[in-house]
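> Sequence and predicted structure are below.
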There are 2 protein chains.
Amino acid sequence: MNTSLPNNASSKSAGPAGTASSRVFEHLRKDLVGGRFVAGEKLAINALKERYEVGLSPLREALTKLAAYGLLVQENQRGFRVPKLSRDELEDIAQMRLEMEGMALERAIAHGDSLWEADLLAAAHRLKRADISLDKGEAWEHLHTQFHRTLVAPCGSVWLLRFIEQLHDQFDRYRRLGPKMPTIRQELDEQHHQLVELALQRDTQAARELMDDHIHKSYEVALKRYQAHV
Amino acid sequence: MNTSLPNNASSKSAGPAGTASSRVFEHLRKDLVGGRFVAGEKLAINALKERYEVGLSPLREALTKLAAYGLLVQENQRGFRVPKLSRDELEDIAQMRLEMEGMALERAIAHGDSLWEADLLAAAHRLKRADISLDKGEAWEHLHTQFHRTLVAPCGSVWLLRFIEQLHDQFDRYRRLGPKMPTIRQELDEQHHQLVELALQRDTQAARELMDDHIHKSYEVALKRYQAHV
DNA sequence: TTAGACAAGATAATCGATTTTTTAACCTAC
DNA sequence: GTAGGTTAAAAAATCGATTATCTTGTCTAA
């Protein structure tokens, strides 16, 4: 019923369903990506048990899974900790995003059908409409992720999509560092709009260049945030 | 102390150390990659408990981790199963290996120092010497993995290495399908040797082409095995 | 003064039993 | 005869308690 990682309770829109384990996984994942833990911090399992209102077993399963996913580090007999951040890693992640999302976009443009075009337009529209100041930007973040997901969806490679998702989460640990998000909304929206345009025109070359630029700008934001946060 | 996924007990050479959970994880991983489970099979947890001599908690943690890693599928409230194989997926994996290992090799050639050259020669030598008929080829398999790992090691991207590792495990599910391994040893050895040569000469272009060819040949073997197995 | 040993407390990992959910077999009503 | 419903058995998921390991502070001996 699923593809195993984002796991059960189909990715988004999950209602009350799913196992305790999968609920905690999602919740923790969001908290980690959203920067609600400080990098390097050691997790106090007992505290988490209360915070997320679960028993030990499902909690440990969630933590184990997050470690496999790369959002936690598990140390031999001393529990879990939040991975440190480093400039080197940020560059690694950004570089990888460049390569992989570029590749995916090219393939998506080659394979995407008209249903994709519709989805893409819809996702872009929703994103533009979203109020970034709403619930701490959570809603906007979700739509933003969704937009990028839609953009590369028909690339034809399950594994490529999987890696991109993972990198995106990693990247967001940097991009969402520190307080709120006084993003330069204007330029972002413009780029998203242009991306859709170029995708619809099947202008692979230009689309990829814009995507590179888009990721590069995100990288600069993330870097600034990282440097301010150190 | 580690990088979280291959997990504790540093990847290879693990002695008796590590938690029950990590031991089972490694053991199960090898069994899954080595084809000791049939694709699509549902895992009987109680049977596994006995087979691997662990309690429920560490076993479930190992299974959860393997699901996050992609070697198992977890279904909402009905346990774990071994992912099905498909020709489409095989092609996806092979294609991704092409891209990612090619990229990694280029970077490795650009960054690798003389220590790398030494490691590479050593790894190639050990591989050539290995007796493939020994313990069901396990020893050879390990050296083969190690060789490819060494080849791309200095690529400079932790994430790229991680993805490659993952793809390699996925690929091996196909390549090691069915009985034993009557590999055409000659040609493989020759290619490995040539790869080392070209890497040492820093001939990026030729090395990448050979790598492409090498992976492509592996793909053909894997495909044959897959088709025979269906 | 400091390196090493030791013990007490804290934390991680594991176990055994319980609860929840699914599966499968059977039964009934149409 | 089959769709729908009931229930017993099986399996998954979770809980509570136990065991093993690490951590910290203190003491001793060089």
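Thanks, I have the structure now.
> Which residue ranges make up each domain of chain A?
Residue ranges for the domains of chain A, per automatic domain parsing: A:20-81, A:87-229.
> Out of those domains, which gets nearest to DNA strand C?
domain A:20-81 (2.8 Å; Cβ to the nearest atom of the strand). No exception for glycine: its C-beta is placed from N, CA and C like everyone else's.
> and that closest one, is it in reach of chain B?
Yes. Using Cβ under 8 Å from any Cβ of the partner chain, domain A:20-81 reaches chain B at A:21-22, A:57, A:60-61, A:64-65, A:67-70, A:72-77.
> any chance of the domains of chain A in a markdown table, with mean neighbour count and mean pLDDT too?
Output for the domains of chain A, formatted as a markdown table (neighbours: other Cβ atoms under 10 Å in any protein chain shown; pLDDT from 0 to 100):
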| stretch | mean neighbour count | mean pLDDT |
| --- | --- | --- |
| domain A:20-81 | 18 | 95 |
| domain A:87-229 | 17 | 94 |
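> so can I have TSV of those domains showing distance to residue B:214?
Putting the domains of chain A into TSV (distance: least, Cβ to Cβ, whole Å) gives the following:
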stretch	distance to residue B:214
domain A:20-81	28
domain A:87-229	19
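> nearest to DNA strand D, of the ones you listed?
domain A:20-81 (2.1 Å).
> touching DNA strand C at all, that closest one?
Yes. Applying Cβ under 7 Å from any atom of the strand, one finds domain A:20-81 touching DNA strand C at A:42-46, A:56-57, A:60, A:74, A:76-80.
> between those, which is nearest residue B:130?
Checking the residues of domain A:20-81 next to DNA strand C against residue B:130 by Cβ to Cβ gives residue A:76 as the nearest, at 30.1 Å.
> Test my guess that residue A:143 contacts residue A:128.
No. With contacts counted by Cβ atoms under 8 Å, residue A:143 stays clear of residue A:128, the gap being 9.1 Å.
> Now, the residues of domain A:20-81 next to chain B that are in helices?
Among the residues of domain A:20-81 next to chain B, DSSP state H puts A:21-22, A:57, A:60-61, A:64-65, A:67-69 in helices.
> Now do the strands in chain A.
A:73-74, A:80-81 (DSSP state E).
> Put together TSV for those, with distance to residue B:89 on each row.
Formatted as TSV, the strands of chain A follow (distance: least, Cβ to Cβ, whole Å):
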stretch	distance to residue B:89
strand A:73-74	28
strand A:80-81	31
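> Help me confirm that residue A:226 comes into contact with residue A:171.
No. Using Cβ under 8 Å as the test, residue A:226 is too far from residue A:171 to be in contact (11.0 Å).
> Please enumerate the shared neighbours of the two.
With contacts defined as Cβ atoms under 8 Å, 6 or more residues apart in numbering or on different chains, the residues shared by residue A:226 and residue A:171 are residue A:90.
> Close to DNA strand C: what parts of chain A are there?
A:42-46, A:56-57, A:60, A:74, A:76-80.
> DNA strand D next: which of the residues you listed are close?
Checking the residues of chain A next to DNA strand C against DNA strand D (Cβ under 7 Å from any atom of the strand), the matches are A:56-57, A:76-78.
> Pull the most distant pair out of the residues you listed.
Greatest spacing in these, by Cβ to Cβ: A:57 and A:76 (20.2 Å).
> ok so, going back, can you put the residues of chain A next to DNA strand C in a markdown table and add distance to residue A:217?
Conversion of the residues of chain A next to DNA strand C to a markdown table gives the following (distance: Cβ to Cβ, whole Å):
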| residue | distance to residue A:217 |
| --- | --- |
| A:42 | 34 |
| A:43 | 33 |
| A:44 | 37 |
| A:45 | 39 |
| A:46 | 42 |
| A:56 | 43 |
| A:57 | 43 |
| A:60 | 39 |
| A:74 | 34 |
| A:76 | 40 |
| A:77 | 43 |
| A:78 | 39 |
| A:79 | 37 |
| A:80 | 33 |
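> so which of those residues would you say is closest to chain B?
Checking the residues of chain A next to DNA strand C against chain B by Cβ to the nearest Cβ gives residue A:76 as the nearest, at 4.8 Å.
> Now that closest one. Its backbone dihedrals?
phi -30, psi -70 (degrees, to the nearest 10).
> Contacts for stretch A:214-221 next, please.
Contacts for stretch A:214-221 (Cβ under 8 Å, 6+ apart): A:90-91, A:94, A:97-98, A:101, A:171, A:175, A:183, A:187, A:191, A:195.
> can we see that at 6 Å?
A:94, A:97-98, A:191 (Cβ atoms under 6 Å, 6 or more residues apart in numbering or on different chains).
> Stretch A:91-110 too?
Stretch A:91-110 is contacted by residues A:152, A:154-156, A:160, A:163-164, A:167, A:170-171, A:199, A:202, A:204, A:207-208, A:211-212, A:215, A:219, B:157-159 when judged by Cβ under 6 Å, 6+ apart.
> and it, how far from the chain's centre?
A distance of 14 Å separates the centroid of the chain from that of stretch A:91-110, by Cα atoms, centre = their mean, to the nearest Å.
> out of everything not next to it in sequence, what's closest to the residue in chain A that chain B sits nearest to?
When distances are taken as Cβ to the nearest Cβ, chain A reaches nearest to chain B at residue A:68, 3.6 Å away. Nearest residue to residue A:68 in three dimensions, chain neighbours excluded: residue B:68, at 3.6 Å (Cβ to Cβ, 6 or more residues apart in numbering or on different chains).
> now that neighbour: how far from residue A:110?
Residue B:68 sits at a distance of 30 Å from residue A:110 (criterion: Cβ to Cβ, to the nearest Å).
> Surely residue A:35 and residue A:175 touch.
No. Counting by Cβ atoms under 6 Å, residue A:35 does not reach residue A:175; the two are 9.2 Å apart.
> ok, back up a step: which two of the ones in helices among the residues of domain A:20-81 next to chain B have the greatest separation?
Distance extremes for these: the farthest pair is A:57 and A:69 at 18.7 Å, using Cβ to Cβ.
> Now residue A:193: closest residue in space that isn't a chain neighbour?
Using Cβ to Cβ, 6+ apart, the nearest residue to residue A:193 is residue A:124, at 6.5 Å.
> Spell out which residues of chain A are next to DNA strand D.
Applying Cβ under 7 Å from any atom of the strand, we find that chain A lies next to DNA strand D at A:19-21, A:54-58, A:61, A:76-78.
> As a check, name the ranges of all helices in chain A.
Under the criterion DSSP H, helices of chain A are mapped to A:20-33, A:45-52, A:56-69, A:87-111, A:114-129, A:138-152, A:158-175, A:185-200, A:204-229.
> out of these, nearest to residue B:30?
Comparing these under Cβ to Cβ, the one sitting nearest is helix A:56-69, at 16.3 Å.
> Quick one: distance of that closest one to the chain centre.
With Cα atoms, centre = their mean, you get 19 Å for helix A:56-69.
> do stretch A:202-219 as well
Its chain's C-alpha centre lies 18 Å from the corresponding centre of stretch A:202-219 when counted by Cα atoms, centre = their mean.
> again with stretch A:55-70
Mean C-alpha position of stretch A:55-70 versus that of the full chain (Cα atoms, centre = their mean) differs by 19 Å.
> Pretty sure the residue nearest to residue A:193 sits against residue A:196.
Yes. Using Cβ under 6 Å, residue A:124 is in contact with residue A:196, at 4.8 Å.
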